[in-house]
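Novice: have a look at this fold, sequence not included:
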């Protein structure tokens, strides 16, 4: 189906898939294992086709509350939710690892909080971890770290977390598996005249239509959170699909039918480059030699060996300009080292950096995914 083309392996090299509690866990607290096996089969098929998949999975609190026998699904108090999350997360991670392992796919767990994506340094750490895991053929499983998160720092739902993960993971598409099949002009459970919206080119025009209610009562975000997630992803040029998750093989079904609400977006690379080029306060400069300038122009990362001089007082994650041999700015990006470290390793080969810094070096001073040519 043409509508689903932008979410396929050939078009989206990296895909984020979000799975909610109501899909993974039945109302009685039992895992919907047979359904989950079909979803994992879909993920394995995409993995085999060359698509790198990041999973954002809810369900820890629901699983943990059943194991602990907590009232109200573990949500009667913040302390109960945290205890349920701590207990359920190990069950959730083990489940994903088991089922993906049946397809010879390795799973990895990443627990994050809002601060991990708000703080520039931690954002880069999360981004680098996701990138390396995906390069190694691993499927990262992300969830909010509800065992330590508080009301002030938590995302509040995994839809928004999925959008932030798509940004950090440089994904080209995001699929939100939902307990309904997409966005309607009103809540279809209450209004029989509600009509389905298949494509959303302008998020601002439809924001008032989203309900904060979850059809199952198990989720924490509802459709309003999904629209907000689409807004976050749209800013990074990432298209989003809200798709019915209840049927077996939900990803294959969406690929075949194209049914769902699709939030269109500009090319993700172009959107990210525009953000880097125009919205960052530059606090330093890296002067590079002709070889490094040529490498950057061909789409490569900036290595320490190509840096001839460092200026400015910056920290890892700050925006810096790259100046060529003639002194003109040729690129801008988020630097991988603090200023002092950058000074120490400037001009050095990668195999010498570990001895200088006392730890294994990062892959680049400026990674190609975190820079833009000017």
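Specialist: Perfect, I can see it now. Keep in mind the model is a prediction, meaning the values are calculated, not measured.
Novice: when you work out contacts or count neighbours from here on, use the C-alpha atoms and nothing else.
Specialist: Will do.
Novice: show me where the stretch 251-374 of the chain has strands.
Specialist: Using DSSP state E, counting those that start in this stretch, the strands assigned to the stretch 251-374 of the chain run over residues 261-263, 282-288, 307-312, 319-323, 329-334, 371-373.
Novice: right, so of these, which gets closest to residue 17?
Specialist: Among those, the nearest to residue 17 by C-alpha to C-alpha is strand 261-263 (14.0 Å).
Novice: quick one: mean pLDDT for the closest one?
Specialist: The pLDDT scores in strand 261-263 average 94.
Novice: try stretch 2-19
Specialist: Rounded mean pLDDT across stretch 2-19 is 94.
Novice: mind listing what the nearest residue to residue 10 once chain neighbours are set aside touches?
Specialist: Distance criterion C-alpha to C-alpha, 6 or more residues apart in numbering; nearest residue to residue 10, sequence neighbours excluded, is residue 51 at 7.7 Å. By C-alpha atoms under 8 Å, 6 or more residues apart in numbering, the contact list for residue 51 reads 8, 9, 10, 12, 13, 14, 15.
Novice: and with 7 Å instead?
Specialist: Contact analysis of residue 51 by C-alpha atoms under 7 Å, 6 or more residues apart in numbering lists 9, 13, 14.
Novice: now do the contacts for the last one.
Specialist: Going back to what we said before, that points to residue 14. Neighbour list for residue 14: 51, 52, 53, 171, 172, 173 [criterion: C-alpha under 7 Å, 6+ apart].
Novice: report how many residues lie close to residue 192.
Specialist: Using other C-alpha atoms under 10 Å, residue 192 has 9 neighbouring residues.
Novice: and it, what helix or strand is that in?
Specialist: Using DSSP states H and E, residue 192 maps to neither a helix nor a strand.
Novice: before we move on, what about residue 243?
Specialist: strand 240-244.
Novice: pairing partners for that strand, with directions?
Specialist: Sheet pairing for strand 240-244, assigned by DSSP bridges, gives strand 173-178 (parallel), strand 261-263 (antiparallel).
Novice: out of the ones you listed, which comes closest to residue 327?
Specialist: strand 173-178 (37.8 Å).
Novice: quick one: contacts of that closest one?
Specialist: 7, 12, 14-20, 166, 238-245.
Novice: my guess is residue 100 meets residue 40, correct?
Specialist: Yes. The criterion here is C-alpha atoms under 7 Å, and residue 100 meets it with residue 40 at 6.4 Å.
Novice: how about stretch 235-255: buried residues?
Specialist: Applying a neighbour-count criterion of 16 or more other C-alpha atoms under 10 Å, one finds 235-246, 248-255 buried in stretch 235-255.
Novice: also stretch 197-208?
Specialist: 198, 200.
Novice: give me the mean pLDDT for that stretch.
Specialist: On average, stretch 197-208 scores 79.
Novice: thinking again about what came up before, tabulate the strands paired with strand 240-244 in CSV, adding columns for mean neighbour count.
Specialist: Below are those laid out as CSV (neighbours: other C-alpha atoms under 10 Å):
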stretch, mean neighbour count
strand 173-178, 27
strand 261-263, 23
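Novice: nearest to residue 306, out of these?
Specialist: Judging the strands paired with strand 240-244 by C-alpha to C-alpha, what sits closest to residue 306 is strand 173-178, at 33.7 Å.
Novice: helix or strand right after the closest one?
Specialist: Heading C-terminal from strand 173-178 (DSSP H and E), you reach strand 183-184.
Novice: now do the helices in this protein.
Specialist: 21-24, 33-48, 60-68, 78-101, 115-118, 120-135, 158-168, 222-235, 250-257, 268-278, 290-297, 339-345, 350-357 (DSSP state H).
Novice: adding distance to residue 309, write these out as CSV.
Specialist: Listed next are those as CSV, based on distance: least, C-alpha to C-alpha, whole Å:
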stretch, distance to residue 309
helix 21-24, 51
helix 33-48, 42
helix 60-68, 49
helix 78-101, 46
helix 115-118, 30
helix 120-135, 22
helix 158-168, 29
helix 222-235, 34
helix 250-257, 50
helix 268-278, 22
helix 290-297, 13
helix 339-345, 7
helix 350-357, 16
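Novice: looking at the ones you listed, which is buried most?
Specialist: Highest mean neighbour count among those (mean count of other C-alpha atoms under 10 Å): helix 158-168, with a mean of 26.
Novice: what is that helix packed up against?
Specialist: Packing partners of helix 158-168 (3 or more C-alpha pairs under 7 Å, 6 or more residues apart in numbering; DSSP states H and E): strand 14-19, helix 120-135, helix 222-235.
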